[in-house]
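Novice: whatever this is, show me its structure:
(3 chains)
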Amino acid sequence: MQLESPVSVQWIADFIGARLFGNPDQMATGINEIHKVQPGDISFVDFEKYYSKCLNSAATIIIINKEVEVPAGKTVLVCDDPFSAYVSLVKHFKPFERATQLISSTAVIGEGTIIQPGAFIGNHVHIGSNCLIHANVSIYDGCIIGNHVIIHSGTVLGADAFYFKRRKDRAVQYDKLESCGRVIIKDDVEIGALCTIDKGVSGDTIIGQGSKLDNHIQVGHGTIIGRNCLIASHVGIAGKTTLEDEVILWGQVGVNKDLTIGKGAVVYAQSGVPASIEGGKTYFGSPVVEAREKMKELGWIRRIPILWERVMGEK
Amino acid sequence: MQLESPVSVQWIADFIGARLFGNPDQMATGINEIHKVQPGDISFVDFEKYYSKCLNSAATIIIINKEVEVPAGKTVLVCDDPFSAYVSLVKHFKPFERATQLISSTAVIGEGTIIQPGAFIGNHVHIGSNCLIHANVSIYDGCIIGNHVIIHSGTVLGADAFYFKRRKDRAVQYDKLESCGRVIIKDDVEIGALCTIDKGVSGDTIIGQGSKLDNHIQVGHGTIIGRNCLIASHVGIAGKTTLEDEVILWGQVGVNKDLTIGKGAVVYAQSGVPASIEGGKTYFGSPVVEAREKMKELGWIRRIPILWERVMGEK
Amino acid sequence: MQLESPVSVQWIADFIGARLFGNPDQMATGINEIHKVQPGDISFVDFEKYYSKCLNSAATIIIINKEVEVPAGKTVLVCDDPFSAYVSLVKHFKPFERATQLISSTAVIGEGTIIQPGAFIGNHVHIGSNCLIHANVSIYDGCIIGNHVIIHSGTVLGADAFYFKRRKDRAVQYDKLESCGRVIIKDDVEIGALCTIDKGVSGDTIIGQGSKLDNHIQVGHGTIIGRNCLIASHVGIAGKTTLEDEVILWGQVGVNKDLTIGKGAVVYAQSGVPASIEGGKTYFGSPVVEAREKMKELGWIRRIPILWERVMGEK
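Specialist: You can find the predicted model right below:
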């Protein structure tokens, strides 16, 4: 996320109790996890194996748990627990704002848009024109919705990312990475009933123009769905995944995190996608293979008894 | 759906900008997609391969994109885009009615029925006697609910059919078929929390008497579920499918569209039903086969290493 | 469940129209189904094969459909339909209480807890301190929630157990076992959006301290989830199952009823768990086996064509 106004790194260092190395006059303009960083951003790293990736990323200010050589033009903030330091910054710059009414007075709602009874529209939500938000929808703070969007009842936009750091030495082991990203729904999208589109950890979860989602669909934090995708009910898509344009996922498909499904790919019902798959092809199975390969495989399995009889001389 | 009063075909032709062939004095009494037509209905067809089916159906008025021979007693309305013409008629005769309060003043609610806080009851909804509608349920306009029905929190009845025509030459490719059908819940049905029962495209989605649905279930548009069916959580049933009486579906089963599951069939958890299956049997697998066949198949797979060793002389 | 004050067995016998055998001065202190009984409890049995289990259980008062020898110190209540008798007692001692406002005046809500708009908090609900209950959550009567708990929008706590007795000779075949148990959410739990945690039939459904649930998760009646479990979206867990501490279930996993998943077990996405599995291991498949066995199995299936060619001399 971008900060509302630049903040000095010295202030940041004092706030999180870190030692500052590098340029003390640096100004921070954003806070982002490593997957989304740009110049001016604060980011953090606490695993040695990712030190180099983070120090060489676009991030300008790095919170880290070891004294390291400071890359040119960057500022390094050293503290014992970069994860908690990062979370405390997110909480400070993006505090939870309690709502006191179903439609926040800071929400901006376009002309011709209908909000049905019982829908919750959080603070700083922007909804375009000619949208239809059905009863009992919940839209968390800061979501951005385009024009001609339809959202059916019970759907939840902008719930927190499901993202935890495990600390096995504590009684309560899972430590939450507070999310400060947004959900962006582009024009002409229709989202069915009882779907969940989680906000990004620090970036945006995006549903591309003209995509249509059926009911009971989960879209994880930071996932980007292209234009004109068609997604059937009970599909679950984990975080930070990309669906290129015109992807079709049939019912109950599961898609892993951090992968890409290529343009125009079609995935048959109940399939599981563990890793990136190319566009323009049709897939089936869990784990998926091309659908025609899966069909052949099912045929081979049916032939095992014939093989058995030939080899073993018995049924 | 039935029209509130008959409408002349000449009015229809003028409204959609079509050329009229056949009987100009014909009156239309209903609008239905091809799967649900009856005499007096307007229907549409835009694929040459379905021309004959539609022209020979029970529909009396056919909107079509080619000049054809007019079947006896019928009226044919020729225009470039029958799909859009049909959608414009649905929107005209069944316009969306904005709600201004949680329980519509046009809803009819029977004696002894309890509506818990936060539930939305749309326009023209009928609910029978001694029902219990839990908090935050959403019931769209026009749904019909019998007596002694229990609906748990968050469930959504009557959301739009997930039915689109793809137009690959447009920037926004999926063109929505506006649905005007209803949801009908018969007596003694219990529906769990966070289920979705979509309305039919033009006909009814029906849950038969005494059927019990667990949580997170999806029932697609126009699907008909018989009496005394038992459906476990996370089951997804696509559109226009039929479950005969006493069908049992265990958790996370997926059922394709346009098929029939015979009376008393039992389908084990996580199975996928791609095509019609006979009643009175037990099924497992994705795609399903009879459960005992699936069990045998799993046994055969476990024997492949034995075969390999015998044939290849190595493990 | 415990009764608010002890009730004489003679009153119970009269209320349900049963003949009393054994100690007529016995006082009942609770009502429980057979899986949860303790001394002082009323329970019921109507299948001959479970007579002995029920008569020898901790229950003090047994409703049964046959005259039997009365175990020492117990009271036996004989009637034609113990199931209906039990249900009538549950309804009498735990009647449904209609709610008239979104937050019941009998709910107890701790300091620092935020309830967002549209959330329903039923009668006698207890919520601890510093919790965050998001918009449009539904919490049924009697649920108990600890401290530092976060519940995301649309989630439903405490809906009825999905538990029916089938009576094939009736028009409406499924007869509901009224549930009177509770849902208990321990400290530091986070539950995602659109989850369902059903109440126990007579005991408690428990989510252990520090466990984190993603979206669209179903937890059945009486299921007990340990500490620090991590459950991804669309997971369905049936009733009366136990997850020991630190279990991880990935997306769309299905878990059968009446089983135990051992401490620290990890189950990969889309797997199905039909029976108990040991802790400390990683599983995959439907039905699950250890993940490395499943991977080997997938490899063996890919080798069938090689075997076929060798044995049959053709591709």
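
Novice: run through the residues that contact A:Thr106.
Specialist: A:Asn123, A:His124, A:Val125 (C-beta atoms under 8 Å, 6 or more residues apart in numbering or on different chains). The C-beta positions use only the backbone N, C-alpha and C, and glycine is treated the same way.

Novice: same thing but 6 Å
Specialist: The contact partners of A:Thr106, by C-beta atoms under 6 Å, 6 or more residues apart in numbering or on different chains, come to A:Asn123, A:His124.

Novice: and if you look at A:Asp245?
Specialist: Here A:Asp245 is in contact with A:Gly226, A:Arg227, A:Asn228, A:Lys263 (C-beta under 6 Å, 6+ apart).

Novice: A:Asp204 contacts A:Ser179, correct?
Specialist: No - at 11.0 Å, A:Asp204 and A:Ser179 do not qualify as touching, with contact defined as C-beta atoms under 6 Å.

Novice: between the two, which one's more packed in?
Specialist: Between A:Asp204 and A:Ser179, A:Ser179 has the larger neighbour count (other C-beta atoms under 10 Å in any protein chain shown), namely 25 against 18.

Novice: what residues does the longest strand along chain A touch?
Specialist: As assigned by DSSP state E, the longest strand anywhere in chain A is strand A:2-8. Contacts of strand A:2-8 with the rest of the structure, by C-beta under 6 Å, 6+ apart, involve A:Met27, A:Ala28, A:Thr29, A:Gly30, A:Phe93.

Novice: tell me what the first one is bridged to.
Specialist: The partner list for A:Met27 in beta bridges (DSSP bridges) reads A:Ser8.

Novice: what about it, how many neighbours?
Specialist: The burial count for A:Met27: 18, using other C-beta under 10 Å.

Novice: rewinding a little: next, the angle from the following helix or strand past the longest strand of chain A to strand A:2-8.
Specialist: Using DSSP states H and E, the helix or strand that follows strand A:2-8 in sequence is helix A:9-16. Between helix A:9-16 and strand A:2-8, the angle comes out at 100 degrees (axes from the mean of the first three to the mean of the last three C-alpha atoms, to 10 degrees).

Novice: with only the CA atoms kept, save helix A:9-16 in PDB.
Specialist: Extracted C-alpha coordinates of helix A:9-16, given in PDB (Å, rounded to 0.1, in the frame of the first residue of the first chain):
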ATOM      1  CA  VAL A   9      13.000   6.300   8.000                       C
ATOM      2  CA  GLN A  10      14.300   7.700  11.300                       C
ATOM      3  CA  TRP A  11      10.700   7.900  12.500                       C
ATOM      4  CA  ILE A  12      10.100   4.300  11.300                       C
ATOM      5  CA  ALA A  13      13.300   3.100  13.000                       C
ATOM      6  CA  ASP A  14      12.300   4.700  16.300                       C
ATOM      7  CA  PHE A  15       8.700   3.400  16.000                       C
ATOM      8  CA  ILE A  16       9.800  -0.200  15.600                       C
END
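
Novice: any buried residues in it, and which?
Specialist: A:Val9, A:Ile12, A:Ala13, A:Ile16 (16 or more other C-beta atoms under 10 Å in any protein chain shown).

Novice: rebuild the contacts of strand A:2-8 as TSV, extending it with distance to C:Arg167 and pLDDT.
Specialist: Converted to TSV, the contacts of strand A:2-8 look like this (distance: C-beta to C-beta, whole Å; pLDDT from 0 to 100):
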residue	distance to C:Arg167	pLDDT
A:Met27	73	96
A:Ala28	68	97
A:Thr29	68	97
A:Gly30	64	95
A:Phe93	61	96
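
Novice: quick one: contacts for A:Gly118?
Specialist: A:Gly118 makes contact with A:Ala135, A:Asn136, B:Leu102, B:Phe120 under the criterion C-beta under 6 Å, 6+ apart.

Novice: quick check, nearest of those to chain C?
Specialist: A:Asn136 (5.5 Å; C-beta to the nearest C-beta).

Novice: count of residues packed around the closest one?
Specialist: Neighbour tally, A:Asn136, other C-beta under 10 Å: 34.

Novice: number of nearby residues for A:Thr100?
Specialist: 9.

Novice: so A:Arg170 is in which element?
Specialist: Short version: A:Arg170 belongs to no helix or strand, going by DSSP H and E.

Novice: that one: neighbour count?
Specialist: Neighbours of A:Arg170 (other C-beta under 10 Å): 11.

Novice: what do you get for A:Ser52?
Specialist: A:Ser52, neighbours per other C-beta under 10 Å, totals 11.

Novice: confirm it sits in a strand?
Specialist: No - with DSSP: H, G, I helix; E, B strand; the rest coil as the criterion, A:Ser52 is located in helix rather than a strand.

Novice: in strands, which of the contacts of A:Asp245 appear?
Specialist: Short answer: the contacts of A:Asp245 have none in strands (DSSP E).

Novice: want to throw the residues you listed into a markdown table with distance to C:Glu246?
Specialist: Output for those, formatted as a markdown table (distance: C-beta to C-beta, whole Å):
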| residue | distance to C:Glu246 |
| --- | --- |
| A:Gly226 | 37 |
| A:Arg227 | 41 |
| A:Asn228 | 42 |
| A:Lys263 | 40 |
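
Novice: low-confidence bits of chain A, can you list those?
Specialist: For chain A, the stretches with pLDDT under 70 are A:315.

Novice: which one among the contacts of A:Asp245 gets closest to chain B?
Specialist: For the contacts of A:Asp245, the nearest to chain B is A:Asn228 (4.3 Å; C-beta to the nearest C-beta).

Novice: SS state for A:Val87?
Specialist: Strictly by three-state DSSP, A:Val87 counts as helix.

Novice: SS state for the closest residue to it other than its chain neighbours?
Specialist: Distance criterion C-beta to C-beta, 6 or more residues apart in numbering or on different chains; nearest residue to A:Val87, sequence neighbours excluded, is A:Glu178 at 5.0 Å. Assigned by three-state DSSP, the conformation of A:Glu178 is coil.
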